[in-house]
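> give the three-dimensional model of this entry:
(chains A and B)
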Number of protein chains: 2
Amino acid sequence: MGGEMAEAVDVRQRILAANERAAAELRAQFAAQGTLVINLISSPGSGKTTLLERTVSHLAGQLRLAAVEGDIATERDAERLRRLGIPAKQILTGGACHLDARQVQGALAEAAFPAVDVLFIENVGNLICPTAYDLGEDFKVAVLSVTEGADKPFKYPAIFARAEVTVITKADLLPHVEFDLEAVRTQVGTLNPQGEFLVTSSRTGDGIAAWCALLQRRLAAKRA
Amino acid sequence: MGGEMAEAVDVRQRILAANERAAAELRAQFAAQGTLVINLISSPGSGKTTLLERTVSHLAGQLRLAAVEGDIATERDAERLRRLGIPAKQILTGGACHLDARQVQGALAEAAFPAVDVLFIENVGNLICPTAYDLGEDFKVAVLSVTEGADKPFKYPAIFARAEVTVITKADLLPHVEFDLEAVRTQVGTLNPQGEFLVTSSRTGDGIAAWCALLQRRLAAKRA
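A predicted model of the protein is given here:
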């Protein structure tokens, strides 16, 4: 497999370089529009869409929001957000394990969203592959639920090192699972000393105000 | 990105073809040894290693077991299994999102395990990328925890269609989460009508005997 692997590395570098160019175009477009853009990355089932549902409810009437949803299959996630009254566009990757900047450009061109304050890009459920693909976002958010085990930041270090914000979800389940929250906080702090660390429960609403305040603060800083 | 993408598809096809050749060598080796080989695939934190810990305890003294553990980083999972007294070899992929057959060949050559009845290969935590890489296993097992949400089989159809066995884990958490077990069973049945479907809790031990009986049955069938 040696020759193929060397070729694969070469092709991957060119794909990443082409992705960087598309991401730079997106970033310029978002800057001109004054839109804050968040790239959410996690395992399948960590609660990204549920966090967005809570966020939409909390920020209703305060900020104009929209979402791009990445999935292998089904329109389900975009439908969940449209039901809450925000514009949402589904990207179906058809097997691909991450979103790339070209897909986001295509989705935004098709969707023709109205002007928004914050655009959420919910990546394909995968804690590994999306990490390397810049989507023109202001920052990445790593989402980790308390049911996934406290060893995850050190087992999947790249995303926790790159995400400016780590959001712990499903904190309401802490009494029912073994999850050492302080160990996770320490691991994330080691990988990413400047990162922000939030603990939330979309069921009880705990931590949602702090998360929304962070978005408001980052939006104001971008527009300052 | 068009040219790079076409090249990437071409390189990927050659990588998969090379992988198939290595997998065929492994399969012949496992057949000669009479070893049943299981390739476990799931999201990060679904409880694959904990299921293996329970399995090792349940089958102690009955079957000779060994494990190959795939992770991006840390030796943690192999250490957990060695603590239970079975030989376990860690493969660190250093960023790669799945195991391939060459890595398994290299790990087995280095580890020089004694003769075993069942070899577990625990893939990197990723519900997508490992699906396409044959490791010479007898069958794939998809592991899904009840905390991940009941929409997952249709959102990640490839693995649930290919895995001969789906194991639901963390069933003890069912009272605390929204998870429609029958909806999941129906989705898996649609994707994979011949598949087996097991519900387990590594905490309470529910379903572990049925899972171990399945392994015994498959081992007997392989050696018949």
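> for chain A, which helix is longest?
Counting residues, the longest helix in chain A under DSSP state H turns out to be helix A:2-33.
> which SS state does A:Phe120 fall under?
strand (DSSP: H, G, I helix; E, B strand; the rest coil).
> what segments of chain A are helices?
Going by DSSP H, chain A shows helices at A:2-33, A:48-59, A:76-82, A:101-111, A:152-155, A:157-162, A:181-191, A:208-223.
> tell me the buried residues in the last one?
By neighbour count, with 16 or more other CB atoms under 10 Å in any protein chain shown as the criterion, the buried positions of helix A:208-223 are A:208, A:211-212, A:214-216, A:218-219, A:222. Any C-beta I mention is one placed from the backbone N, CA and C, and that applies to glycine too.
> so can I have JSON lines of those showing distance to chain B and pLDDT?
As requested, those are arranged in JSON lines below (distance: CB to the nearest CB, whole Å; pLDDT from 0 to 100):
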{"residue": "A:Ile208", "distance to chain B": "18", "pLDDT": "98"}
{"residue": "A:Trp211", "distance to chain B": "20", "pLDDT": "98"}
{"residue": "A:Cys212", "distance to chain B": "23", "pLDDT": "98"}
{"residue": "A:Leu214", "distance to chain B": "24", "pLDDT": "98"}
{"residue": "A:Leu215", "distance to chain B": "24", "pLDDT": "98"}
{"residue": "A:Gln216", "distance to chain B": "29", "pLDDT": "98"}
{"residue": "A:Arg218", "distance to chain B": "27", "pLDDT": "98"}
{"residue": "A:Leu219", "distance to chain B": "29", "pLDDT": "98"}
{"residue": "A:Lys222", "distance to chain B": "27", "pLDDT": "98"}
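> what is the most widely separated pair among those?
Spatial extent of these (CB to CB) is set by the pair A:Ile208 and A:Lys222 at 21.2 Å.
> these two touch, right, A:Cys97 and B:Val124?
No: if you go by CB atoms under 8 Å, A:Cys97 and B:Val124 don't touch, sitting 11.7 Å apart.
> and the worst-scoring helix or strand of chain A on mean pLDDT, what does it pack onto?
Lowest by mean pLDDT, DSSP states H and E among the helices and strands of chain A is helix A:2-33, with a mean of 92. Here helix A:2-33 touches strand A:36-41, helix A:101-111, helix B:2-33, going by 3 or more CB pairs under 8 Å, 6 or more residues apart in numbering or on different chains; DSSP states H and E.
> starting at the chain centroid, how far to that helix?
Helix A:2-33 has its C-alpha centroid displaced from the chain centroid by 18 Å (CA atoms, centre = their mean, to the nearest Å).
> next: stretch A:202-213.
16 Å.
> could you do stretch A:197-217 as well?
Here stretch A:197-217 is found 15 Å from its chain centre; the criterion is CA atoms, centre = their mean.
> pull the CA atoms of it into CSV?
Taking Å, rounded to 0.1, in the frame of the first residue of the first chain, the C-alpha atoms of stretch A:197-217 are listed here in CSV:
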residue,chain,number,x,y,z
PHE,A,197,-15.1,25.5,28.4
LEU,A,198,-18.9,25.5,29.0
VAL,A,199,-21.1,22.9,30.6
THR,A,200,-24.7,22.7,29.4
SER,A,201,-27.9,20.7,29.5
SER,A,202,-30.3,21.2,26.7
ARG,A,203,-32.9,19.4,28.7
THR,A,204,-32.8,21.6,31.8
GLY,A,205,-31.4,24.7,30.1
ASP,A,206,-28.4,24.9,32.4
GLY,A,207,-25.5,26.7,30.7
ILE,A,208,-27.5,27.8,27.7
ALA,A,209,-27.6,31.4,28.8
ALA,A,210,-23.8,31.4,29.1
TRP,A,211,-23.4,29.8,25.7
CYS,A,212,-25.7,32.4,24.1
ALA,A,213,-23.9,35.2,25.9
LEU,A,214,-20.6,33.9,24.4
LEU,A,215,-22.2,34.1,20.9
GLN,A,216,-23.4,37.7,21.6
ARG,A,217,-20.0,38.7,22.9
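> who's in contact with it?
With contact meaning CB atoms under 8 Å, 6 or more residues apart in numbering or on different chains, stretch A:197-217 is reached by A:36, A:38, A:47, A:50-51, A:53-55, A:58-59, A:62-63, A:118, A:165-172, A:181, A:185, A:188-189, A:196.
> of these, buried ones?
By 16+ other CB under 10 Å, the contacts of stretch A:197-217 give A:36, A:38, A:47, A:50-51, A:53-55, A:58-59, A:63, A:118, A:165-172, A:185, A:188, A:196 as buried.
> contacting residues for the residue nearest the centre of chain A?
Nearest to the geometric centre of chain A sits A:Leu40, at 0.6 Å (CA atoms, centre = their mean). Neighbouring residues of A:Leu40 by CB under 8 Å, 6+ apart: A:48, A:51-52, A:120-123, A:140-141, A:143.
> what is the burial count for the closest residue to A:Arg76 other than its chain neighbours?
In space, A:Arg76 comes closest to B:Asp151 once its chain neighbours are excluded; the distance is 5.8 Å by CB to CB, 6 or more residues apart in numbering or on different chains. Neighbourhood size, B:Asp151 [other CB atoms under 10 Å in any protein chain shown]: 20.
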